[in-house]
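Q: Quick one: sequence and predicted model below, then my questions.
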Amino acid sequence: MLGKTSKKDKDLVILQAKRKEQIVKSVFFIFSLVSIFTTLGIVFVLIFEAAGFFQEVSILEFLTDTLWTPLFYDKHFGILPLLCGTLLTSLIAMLVAGPLGLLTAIFLSEYASPRVRRICKPILEILAGVPTVVYGYFALLFVTPLLQKIIPSLSGFNALSPGIVMGIMILPLVSSLSEDAMYVVPQGLREAAYALGSTKMEVSLKVVVPAAFSGITTSFILAISRAIGETMLVTIAAGQMAQLTFNPLVPIQTMTAYIVQVSLGDTPAGSLEYKTIFAVGMVLFLLTLILNLVAQWLRKRFREAYE
């Protein structure tokens, strides 16, 4: 009798545990659905509003016109000036963050002691927590005047200053992800290289970095995506002059800065000028989506080669 009662109690406990587990699974499933439907909602709004814009402006004009003046009397709707400004600041940022981030990652992974690594890595990641508006005014009020002493022709609003500061801002993204990728490289690869007479630098540059190539490239592409989507920094320090130029010393306008300009409330909702922000937002969304897909492909492609 005691055995039967004990068995029934065990079955009841197991049933209750299964019910609780099912409830937890259902809650997690609902949370995942919320994120999925939120993403689908954003994509739907972008497509719906952008379709209204392209009913009045041809895609050919949008992609090939070299002027962007939707808020002027003589209206032009060429995305190239905004795209050029966005890519210019992002390129400058990566020229700063790429080498510095990679060298920092190599130092933390291969040269720093565990104590130094535990101290330096959190301090470095503090840069990622600084508000972007602070970076914007830092670029405008400190970096730009400093650069003007070296480059007198540098305009008050320019692409160079926010690009450099943006590189500092995304530096933790490059260094942290790259260092994590290097840290998990099997120790046996290092020991084999040392056994062949390699120096520490040779092991770092010719063994560890190639072995962690998938993680390093992923960090670079994610950093580029972060730079392309940056808003407040370029809005404050880069200017609002959309012009097709690769000169970093003159004012430019990025896609995100234009969206902020139109979203301030002076443009009537539902007008063609207002719809331009959704067309620009769609281009921005596609750029970041393509970069993220490339990052995932590179990670899978080269991770398979080393595993």
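A: Structure received. Numbers count the residues shown, from 1 in each chain.
Q: How about the secondary structure of the nearest residue to Leu127 once chain neighbours are set aside?
A: Distances taken as CB to CB, 6 or more residues apart in numbering place Pro172 nearest to Leu127, at 5.0 Å, with adjacent residues excluded. To be clear about C-beta, it is placed using only N, CA and C from the backbone, and glycine gets the same treatment. State at Pro172, reduced to three classes by DSSP: H, G, I helix; E, B strand; the rest coil: helix.
Q: Pro172 against Val130, yeah?
A: No. Pro172 is not in contact with Val130 according to CB atoms under 8 Å; the separation is 10.0 Å.
Q: which ones are touching Val45?
A: Phe278 (CB atoms under 8 Å, 6 or more residues apart in numbering).
Q: Any figure for the gap between Val280 and Arg301?
A: Note on Val280: its distance to Arg301, by CB to CB, to the nearest Å, is 32 Å.
Q: That should have said Val185, apologies.
A: Counting by CB to CB - Val185 and Arg301 are separated by 17 Å.
Q: Looking at these two, which is more packed in?
A: Val185 (19 against 12; other CB atoms under 10 Å).
Q: Assign that one to helix, strand or coil.
A: coil.
Q: Begin at 48 from now on, thanks
A: OK, 48 is where the count begins now, so the last one is Val232.
Q: show me what contacts it?
A: By CB under 8 Å, 6+ apart, the residues touching Val232 are Val254, Val255, Ala258, Ala259.
Q: Compare the residues you listed and tell me which is most surrounded.
A: That'd be Ala259 among the contacts of Val232, by other CB under 10 Å, with 27 neighbours.
Q: if we can go back for a sec, between Pro219 and Val177, which is the more surrounded one?
A: Set side by side, Pro219 and Val177 show more neighbours around Pro219, with 22 against 12, by other CB under 10 Å.
Q: Could you check how far that one is from Thr264?
A: 17 Å.
Q: likewise Leu118?
A: For Leu118, the distance to Thr264 - CB to CB - is 39 Å.
Q: more crowded one of those two?
A: Counted by other CB under 10 Å, Leu118 and Thr264 do not tie: Thr264 has more neighbours, with 19 against 15.
Q: ok, for the more buried one, nearest residue in space, not its chain neighbours?
A: Per CB to CB, 6+ apart, closest to Thr264 is Leu345, 4.8 Å.
Q: Identify each buried residue in the helix or strand hosting that neighbour, please.
A: Here Leu345, judged by DSSP states H and E, is contained in helix 319-353. Under the neighbour-count criterion of 16 or more other CB atoms under 10 Å, helix 319-353 has 319-332, 334-335, 338, 342, 345-346, 349 buried.
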